[in-house]
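Participant: My questions concern the predicted model and sequence given below.
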Amino acid sequence: MISEPTQDDRTYKFLHSQHFDDVLTRGTIKLGSLTHYRGVEADSQWISDRLEGRVEINAGGESGIVITEHDNPLDRMLPRLW
Amino acid sequence: MARSGGRIILRPGVKILISPEINPFSASKGLLNPLINEMCRTSPQPYDACIGINDIALLAHRLFYRGIVGELGKAKVSQIFTHFECKQVSYNTLSRGSEHGQAPEASPFLKDLKFASQREIRVALFPRAPIASTTLIVQLSRPDQLFLRSFVRFLAVKTSRLRHGRDNSEGRGPYAGL
């Protein structure tokens, strides 16, 4: 059985009018790097994020931390990679 | 010889950044009217056009296997990137202190909570090697199979009026200009 997508399933590309025909009729799309989009954010864009693809750990906090062989507070903040 | 008792001090303000590099193609997935509010009305630099994507998985496949990059000598996308992934973006707090506990793994499919209403879905392409240009223009074949005209030259009404449920009251809206 083929199920029709609900309205919630639909996907849209929002863009500026000057690029509309580039995408719709000419089939050209822009692929920026995450570095590019981080820079776009720095220029006051609203759609991108300075943290695109990144996680920022404020490891030092406001008062700094001390890592010893018995206690590593950084371990409790870093992502688990296993 | 290693000695015990050493320590590392991270002073206030020290930050650690974890960041993979990929090239994303981004779209939004969800109900059209809330997305229009987010992307075309309330944003500081609103978009004024929208294209429907028939099938994001087909677009991802076409992009990777058939896409051509003109500025790189008409190279195939699959020659520049090793693989692609297509999935919905999830949202979390990305600038984290100790009060946030364990951080999530950095991912091109993870953005900060403040962007959650954009309901982004991405095709992420993973480069074989660093790419000199930060943006690439990719030529897709048969765009008529991939895209649907939704609206162009959207005339946004002021958000203060939206709060009173009176948007489109003057015939303005997503289909203006068609």
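Facilitator: Cool, the structure landed.
Participant: helices and strands of the chain: which one has the lowest mean pLDDT?
Facilitator: The chain I'm using is chain A. Scoring the helices and strands of chain A by mean pLDDT, DSSP states H and E places helix A:34-42 at the bottom, with a mean of 74.
Participant: which residues sit in contact with the residue sitting nearest the centre point of chain B?
Facilitator: Per C-alpha atoms, centre = their mean, the C-alpha nearest to the average position across chain B is that of residue B:26, at 3.5 Å. Residue B:26 sits next to B:120, B:121, B:122 when contact means C-beta atoms under 8 Å, 6 or more residues apart in numbering or on different chains. Using the backbone N, CA and C atoms, a C-beta is placed for each residue, glycine as well.
Participant: can you tell me which of those residues are up against chain A?
Facilitator: Under the cut-off given by C-beta under 8 Å from any C-beta of the partner chain, chain A has residue B:121 from the contacts of residue B:26 close to it.
Participant: Filter the contacts of residue B:26 down to the buried ones.
Facilitator: Buried residues within the contacts of residue B:26, counting neighbours by 16 or more other C-beta atoms under 10 Å in any protein chain shown: B:120, B:121, B:122.
Participant: give the contact list for residue B:66.
Facilitator: Contacts for residue B:66 (C-beta under 8 Å, 6+ apart) come out as B:76, B:77, B:140, B:141.
Participant: which of those are close to chain A?
Facilitator: Restricting those to those near chain A - C-beta under 8 Å from any C-beta - leaves B:140, B:141.
Participant: quick one, longest helix in chain B?
Facilitator: helix B:56-66 (DSSP state H).
Participant: Let me know how buried the closest residue in space to residue A:26 that isn't next to it in sequence is, in neighbour terms.
Facilitator: The shortest distance from residue A:26 to any non-neighbouring residue, by C-beta to C-beta, 6 or more residues apart in numbering or on different chains, is to residue B:143 (7.0 Å). As a burial measure, residue B:143 scores 19 neighbours (other C-beta atoms under 10 Å in any protein chain shown).
Participant: How much space separates residue B:76 from residue B:94?
Facilitator: 33 Å (C-beta to C-beta, to the nearest Å).
Participant: now swap in residue A:65 and tell me
Facilitator: 20 Å.
Participant: Compare those two (neighbour count), which wins?
Facilitator: Each of residue A:65 and residue B:94 has its neighbours counted (other C-beta under 10 Å); residue B:94 has more, 25 against 19.
Participant: Test my guess that the more buried one contacts residue A:56.
Facilitator: Yes: counting by C-beta atoms under 8 Å, residue B:94 does reach residue A:56; the two are 6.1 Å apart.
Participant: tell me the centre residue of chain A?
Facilitator: With distances taken as C-alpha atoms, centre = their mean, residue A:52 lies nearest the centre of chain A, 3.3 Å away.
Participant: hmm, back to that, report the contact partners of the residue nearest to residue A:26.
Facilitator: Taking C-beta under 8 Å, 6+ apart, we find residue B:143 in contact with A:23, A:24, A:25, A:26, A:27.
Participant: Quick one, which of these are buried?
Facilitator: A:23, A:24, A:27.
Participant: How is residue A:61 assigned, secondary-structure-wise?
Facilitator: coil (DSSP: H, G, I helix; E, B strand; the rest coil).
Participant: For it, the count of nearby residues, please.
Facilitator: For residue A:61, using other C-beta under 10 Å, the count is 18.
Participant: Next, give phi and psi for it.
Facilitator: Main-chain torsions, residue A:61, degrees, to the nearest 10: phi 60, psi -150.
Participant: Now do the contacts for it.
Facilitator: By C-beta under 8 Å, 6+ apart, residue A:61 lies in contact with B:12, B:97, B:98.
Participant: would you turn these into TSV with neighbour count, distance to chain A and secondary structure?
Facilitator: Formatted as TSV, these follow (neighbours: other C-beta atoms under 10 Å in any protein chain shown; distance: C-beta to the nearest C-beta, whole Å; DSSP: H, G, I helix; E, B strand; the rest coil):
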residue	neighbour count	distance to chain A	secondary structure
B:12	12	5	coil
B:97	15	5	coil
B:98	15	6	helix
